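**Student:** Here you go, sequence then predicted model.
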Amino acid sequence: MAVTVKTLYNNGSFLYRMNILAGRSGLENIVQWVHIIEDDDVSKFLHGGELVFTAGILNHEEEWLLHFARKLVKASVSAFVVNIGPYTRQVPPSVISFCNESGLPLFTIPWETKMVDMTRDFCHRIMQAEHTENTIMTTMKNILFKIGDMESQMMQMERYGFHRNSRFCFIGVQPDPTGDPEEQRTVLKSSAERMAKEIGGQFVTFTYNECRILVLANCSPQETDAFLQGFVRRAQERLHGQTLYLGVSPILAGIGNQSANFEKALSAMEMAGRRNETIVTYDSLGIYKLLYAVNDKETLRSFHQETVGRLETYDRENGTTLTPLLRDYLAFNGSLQLVSEKQFVHRNTVTNQLRKIEQITGCNPLELDDKLQLLLGFRIGDVL
């Protein structure tokens, strides 16, 4: 539902004699707001995603407009409109070339066109789109969290083109905790909207517990993958390489059956952070699917403490390293030789330490059933 540069241009070309000079590759840029700016120190006025108008009142130097355009690109604006008149007679070829190279849509309007009329019109269109977007977002959240009458909520979604049997994929995005939250919200939202436009899918986004939730509707696995790759590339570029952790749910049909699917995206996102991986799909979680599905966390904590939790406590209190040794033993499928090589100890030492582990935990690492319990204890620790 976001407004793009192309949408505004299609209306403005007829109503306001708006003419495009350069930057056609950026016509799908999302426009968050509209500003009239005459000061070339533009960065302090902008957050990114704006459409900027200027008459060039301060245009007293040959390179002024090019300098202005460079600052607009640095501020991540969506488009640039120059009011041709007494202050700016024409747009220099250097500016046209720069905007083509940068993918910044560059337009002109005649002096007779009043910028205030255009900004009022464009802002009204943006606010209408935001109202629609907020309505869809609120309705989707109500369905997920089972607030209000479900039939009414689903009918509301249908009015906006989301059919009852639509297929949904949820993507949870956990941003870098060291980054600026306001900048992250703006960048993640606009980057996701841009990619959704590119793949042509229906899209909803909202915040949840300081994370950004992205919802794709009726997208194929190939389109979803293209969205993920493009979104991460765009967002990290604009956030200067900040770490992002994404969890991806399966693609599931039925608008009223998505609560559990939403939770699956959150589980995968949490695992992405634990593994320090950018993208983790729920379908790749293996045994962790079962653990995340257990609502009784106290039972999981109790099982963890009765197995490897005792060993971790022993290591802390005695300064030993039995826990990493046991992890290696299980990871190497019970190979004493591989454990001894990694730990730089004799095989007999490994055997003695395994006996010590049995005394502490009550589980014999050499026995299959006990080995499984210890492994499960470690896996539970990963999700607690």
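**Tutor:** Ah, there it is.
**Student:** Only C-alpha atoms from now on, for both contacts and neighbour counts.
**Tutor:** Fine.
**Student:** can you give me the strands for the stretch 251-384 of the chain?
**Tutor:** Listed in chain order, the strands of the stretch 251-384 of the chain (DSSP state E, counting those that start in this stretch) span 252-253, 279-281.
**Student:** Tell me which of the ones you listed sits most buried.
**Tutor:** Among the strands of the stretch 251-384 of the chain, strand 279-281 has the highest mean neighbour count (mean count of other Cα atoms under 10 Å), at a mean of 22.
**Student:** so how far is that strand off the chain centroid?
**Tutor:** Strand 279-281 has its C-alpha centroid displaced from the chain centroid by 12 Å (Cα atoms, centre = their mean, to the nearest Å).
**Student:** That strand: partners in the sheet, and parallel or antiparallel?
**Tutor:** strand 244-248 (parallel) (DSSP bridges).
**Student:** is it true that F98 lies in a helix?
**Tutor:** Yes: applying DSSP: H, G, I helix; E, B strand; the rest coil, one finds F98 inside a helix.
**Student:** residue contacts, it?
**Tutor:** L66 (Cα atoms under 8 Å, 6 or more residues apart in numbering).
**Student:** Out of the strands of the stretch 251-384 of the chain, flag the one nearest K71.
**Tutor:** K71 sits nearest to strand 279-281 of all those, at 32.9 Å, using Cα to Cα.
**Student:** and the helix ranked longest in the chain, what other elements does it pack with?
**Tutor:** Ranked by number of residues, the top helix in the chain under DSSP state H is helix 115-144. Secondary-structure packing of helix 115-144 (3 or more Cα pairs under 8 Å, 6 or more residues apart in numbering; DSSP states H and E): strand 33-36, helix 150-159, strand 202-208, helix 259-275.
**Student:** Same list, these, but as CSV with mean pLDDT, distance to G230 and mean neighbour count please.
**Tutor:** Compiled in CSV, the helices and strands packed on helix 115-144 are given as follows (pLDDT from 0 to 100; distance: least, Cα to Cα, whole Å; neighbours: other Cα atoms under 10 Å):
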stretch, mean pLDDT, distance to G230, mean neighbour count
strand 33-36, 92, 23, 19
helix 150-159, 92, 27, 15
strand 202-208, 92, 15, 19
helix 259-275, 95, 18, 21
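**Student:** Out of those, which gets nearest to T108?
**Tutor:** The nearest among the helices and strands packed on helix 115-144, by Cα to Cα, is strand 33-36 at 13.6 Å.
**Student:** Can you list the strands that that closest one pairs with?
**Tutor:** Strand 33-36 is paired, per DSSP bridges, with strand 50-54 (parallel).
**Student:** then the partner strand to CSV, C-alphas only?
**Tutor:** C-alpha atoms of strand 50-54 as CSV (Å, rounded to 0.1, in the frame of the first residue of the first chain):
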residue,chain,number,x,y,z
GLU,A,50,11.4,11.7,1.1
LEU,A,51,10.5,13.4,-2.2
VAL,A,52,12.3,16.8,-2.2
PHE,A,53,11.3,19.9,-4.0
THR,A,54,13.6,22.9,-4.6
